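In: here's a sequence, model it:
(chains A and B)
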Amino acid sequence: MSHAADDRSNKVRRYLKSTIKFLASLKLAVIVIASIACVIAVGTFVEAKYDATAARKIVYESFWMYGVMGILAINLTAVMVDRWPWKARHTPFVLAHIGILILMFGAIITQKFGLDGSMYVKIGQSAQFVTVPETDILVYSSFDGDRYTKLAEMNVDFFKHPPTPEKPIVIPAYGGEIKFVEYKRYVLPSRKVVPPPDTNGRWGAGLRFQVQNANIKVNVIEWIVQRRPGYLESFNFGPAAMHLGPAPAVGRGANEIYFTPNAKDGVDYVVFQKDSEQPAKKGSLKEGDAFNPGWKMPIEVRVLRYLPQAKEEWDLQDRETPTPLTTSATKVIFNGQEQWILLGDTIKFFTNEAVYLVGYTNRKIDLGFPLQLKEFAIDRYQGVRKAMEYKSVVSVPNMDSHLISMNEPLKYNGLTFYQASFDEDPNTGQPVASVLSVNQDPGRWIKYLGSLIISLGIIMLFYFKQKTKKDKSS
Amino acid sequence: MRRLQVILVLLLSLLVYKGAFAAAGDQLRYLPVQNAGRIKPYDSFAKEMLEIVYGKSTFEGRAAPEIIFTWMLSPTAWEDKKIFEVRNHEVLKALQLPVDQRYFSGKEIFSNEHFQMVLQELQAKRESKEKLTPYFQALQRLENQLVIFREIAAGNMLQLIPPQEGTAWLSVAQFQGGQQQAFSDMTKAFVDHIGGIAQGVPASQQEQTAKALDEAVLKFREMAKANNPELYNNDTKVNLEVFYNNFHPFRWAYILYMLASVTILVVWTMNKPGLMKLGWVFAGCGFALHTFGFVIRMYLMDRAPVTNMYETVVWMSWGAVVFSAILEIIYKYRFIFFAGTLGGMVALIVADSAPAVLDPTLQPLEAVLRSNYWLTVHVMTITISYAAFFLAFVLGDIGLVYYIKGEEKNQDKIKAIANSVYRAMQIGVAFLAPGIILGGIWADYSWGRFWGWDPKETWALIALLGYLAVLHGRLGGWFRNFGMIAAGVVTFSLVIMAWYGVNFVLGAGLHSYGFGAGGVEYVAAFVAAHFLLVIYASLVRKKSTELVR
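Out: Now for the predicted structure:
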């Protein structure tokens, strides 16, 4: 009996030993190294065809990648256990391998607990939220159209796990179920404005105007759509602004036109002028009418289309690969009505009692303090548009002003703010906002430690080689 | 031997001397121009412009500075001249132009009924913000060629006088009063001189017109300087740049490397050790000029010259020579230094002969790359590791030749080569691994992420993993002599992908500042040819071992 048990434990030990031998083997090491190389090579091709997000989701954060990295970690650990007890000549080998393990551990910490987002701040304004790549769906409801309560907030990864008509994401609401039934990775959206399916008085008006001057240097055609009746919506294109909604009694001393819906299926307009608070001109218009506001620049304003009740919709064209103009979209069904929501957008559903707001957006994380962009400047190379340097002057609590430039970030409250990019007005070419990338990396020091140890190992490899050579020759 | 060294040093000094002094009529080349964000001599400006439009720096044997000036003086005379290089067949088909022709006149393109339509197509593609296919890239190039010709002809491109306010220099079209006068005096002197040469007037008269032109240019410079002396103080750099253009230090370097490699080959294969010293002298002089050219570029741009493909190829070949010299001193195998000088020569010749792919012009840096210590250290470390891998690659090629010539009789040489390949790979890994880590540190410092799976960094890592797999395989005994020699050749294709392929094949990612198109077919053929060589050598080897049995 005891003999049999001994035999069995011997067998187990032998089996264990051969397993460890295999896990610690050079053969496995070579296979794992080659596999990692192959997997990440595929990643670069995915990125070239699609984009960095797709490569991350399909390859770098895939089961295959984690699997092969896991085997690497086991291989590295096993080979060090196998060489135990270590001798002095093992130092470079142990350092290089432990360094890699530490580096990988740091990477996991960063991925789990780090923050990597971006922040869009307009010049002269403050912002407090960082946008991160993760996406959420949000549902709000309101009975009076003023006060909204949050019904649901859910973290979703539609890229990897898209909803389908068979497996929808369902959010219960009082008036019925809100169902997410479809997802498209890459669509090219174009906005369209249509009369709403129901005319229950909750839809605002929509106005399509054209601003043109004689020599066609200016030709702006745009829609303005009210979120709800009585609300003021604006479109600003540099030299002038157009508003749809109630007009104020006195102007702000700028070139502005207010269009106010009237009861006769048309709009009343009020023109304000630069350097004067008093209305310069008044009148009313119907679809197709045009008038000259009488500003210094000779322009004509035409009402191309007017809808007393208007609803915005997206016309979506499918694309196989992303471009800077494409976005992703998800289809929502509520009480038989279906609508597409673009990433970053919010749509409305009405019932007789309530209004529901449904959003699909990147998650925004509260910094806990405001960051104000005081100034933004672009230095250019002499005589050309090519940028030499972007600089943001920001202020945060307890720090009146700090310069963030390319390669010179701001460290504050455990966060680091980097100059990433900027946004400029398409009409004037002047910068209007700065884009900062915001980062918090608790794994940073671990990764640096790992890197240091790997480098030490490599240096010592050469040192020990020289030494063994000398020992041999003597 | 001593005498030979003296002669070589004298020869070098003569070369430098010849380049440093301007001939009569050459003052125009030294005229400072503001272009593409920096001040450069008119000589560089003209060469760059002609290369963009015509693809070469001379037209029908006439130098670029002359050609570009005449575009401006009499644009109509150029309407019928075939100065626009169009290589893309799709573009030629779209314009219904003959595909077997490479150069076209402005008339052929402008008056082409399809031209406007094709341009609109390009505009629509640009607005869609989709990646441009090679066809659209070629179209974009054609558009750029036409714009440059038109803008030079209109006098908008040539900016010669510093402004009293602001930073943009005044272009010829903006000149007023005295400026116009000085410029037209200069053009008159230019026309006299060129016209005289064209008519074949006697040399004494040519000398006179040349002098008159030089005087007119100097007068113009004085006038320009008077407009804003503070912005017109680039004489040293401008003069040095013309010298650099004339002198071609890298061309002399590869000629000397060629002499060195031939000498060492003789030493090694014909067993003439007495000549080895001569090989070292040739290589040393080549290396001195190589370094000299590198230092000039560094001084001209105030940065380490490793910011585009051309510059990294030059730097890499420099490293290959250094590493081979070090290994040669340690092992005294001779063929290591042969491989180093041969590799250095080939790389410099490639760099010199493909200006469309490897752009040799001096360009200001993108904003993210400016004034960053870590960037320089990281790029230089990674590309110097490529130098070691390149050395392993050339050594591998030599090894394959020995296998093809016969394994049996060359055993000792093959063993020595395999060992050298291994050493070179070790050096490469010792630089590449820290180089990648330094890249992580730089990315962390300036973008806030240590690693972002950017294709350039990912492929550098793939190359590292490839070499690590080989080194571990050697440790495990799967890679012996033939394995190491073949791996030296095959694994280098990963370096080619990381270095060239990411920019020219994948064309994506944050490292997009170095992107362009061209030469893919040649590089692919190069890689494929080496794979075939490895296969052939292994077949020869198999056959011979079978015969032995």
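
In: and the helix or strand hosting residue B:542, what's buried?
Out: Using DSSP states H and E, residue B:542 maps to helix B:520-548. For helix B:520-548, the neighbour count (16 or more other C-beta atoms under 10 Å in any protein chain shown) marks B:523, B:527, B:530, B:533, B:534, B:537, B:540, B:541 as buried. Where C-beta positions appear, they are placed from N, C-alpha and C, glycine not excepted.

In: read off the pLDDT value for the second one.
Out: At residue B:527, the model reports a pLDDT of 95.

In: what of the last one?
Out: The predicted local confidence for residue B:541 comes out at a pLDDT of 88.

In: please apply the same query to the fourth one.
Out: pLDDT, the model's per-residue confidence, is 96 for residue B:533.

In: quick one: neighbours of whichever residue of the stretch 1-150 of chain B sits closest to chain A, just the number.
Out: Residue nearest to chain A within the stretch 1-150 of chain B: residue B:37 (2.9 Å; C-beta to the nearest C-beta). By other C-beta atoms under 10 Å in any protein chain shown, 19 other residues sit near residue B:37.

In: ok, for it, nearest residue in space, not its chain neighbours?
Out: Nearest residue to residue B:37 in three dimensions, chain neighbours excluded: residue A:381, at 2.9 Å (C-beta to C-beta, 6 or more residues apart in numbering or on different chains).

In: now do the one you found, the pLDDT please.
Out: Looking at residue A:381, its pLDDT reads 86.

In: now the one 4 residues further on
Out: In this prediction, residue A:385 carries a pLDDT score of 78.

In: reduced to three states, what does it come out as?
Out: At residue A:385 the chain is in coil, as set by DSSP: H, G, I helix; E, B strand; the rest coil.

In: now do the phi/psi pair for the closest residue to residue A:169 other than its chain neighbours.
Out: Spatially, and ignoring its direct neighbours in sequence, residue A:169 is nearest to residue A:180 (4.2 Å; C-beta to C-beta, 6+ apart). Main-chain dihedrals, residue A:180, degrees, to the nearest 10: phi -90, psi 120.

In: return the set of residues that bridge with residue A:180.
Out: Residue A:180 forms beta bridges with residue A:169, residue A:332, as assigned by DSSP bridges.

In: I'd like to know how far residue B:62 sits from residue B:353.
Out: Distance from residue B:62 to residue B:353, counting by C-beta to C-beta, to the nearest Å: 21 Å.

In: more neighbours, these two?
Out: Set residue B:62 next to residue B:353 and count neighbours by other C-beta under 10 Å: residue B:62 wins out with 14 against 9.

In: phi, psi of that one?
Out: The phi and psi torsions at residue B:62 (degrees, to the nearest 10) take the values phi -100, psi 140.

In: need the per-residue pLDDT for it.
Out: We have a pLDDT of 90 for residue B:62.

In: would you say residue B:410 is within a helix?
Out: Yes. Judged by three-state DSSP, residue B:410 forms part of a helix.

In: neighbours around it, how many?
Out: Residue B:410: 17 neighbours (other C-beta under 10 Å).

In: any idea how far the closest residue to it other than its chain neighbours is from chain A?
Out: In space, and not counting its chain neighbours, residue B:410 is closest to residue B:402: 4.3 Å by C-beta to C-beta, 6+ apart. The gap separating residue B:402 from chain A is 26 Å, by C-beta to the nearest C-beta, to the nearest Å.

In: mind checking how far the residue most central in space within chain B is from residue B:383?
Out: With distances taken as C-alpha atoms, centre = their mean, residue B:310 lies nearest the centre of chain B, 3.4 Å away. Plainly put, residue B:310 is 12 Å away from residue B:383 if you go by C-beta to C-beta.

In: now do residue B:391
Out: Using C-beta to C-beta, residue B:391 is found at 13 Å from residue B:383.

In: again with residue A:350
Out: Applying C-beta to C-beta, the value for residue A:350 to residue B:383 is 63 Å.

In: more crowded one of the two?
Out: More crowded of residue A:350 and residue B:383, by other C-beta under 10 Å: residue B:383, with 23 against 20.

In: give me the three-state assignment for that one.
Out: With three-state DSSP as the basis, the three-state label of residue B:383 is helix.

In: quick check, it in contact with residue B:319.
Out: Yes. Contact status for residue B:383 versus residue B:319: in contact at 7.3 Å, counting by C-beta atoms under 8 Å.
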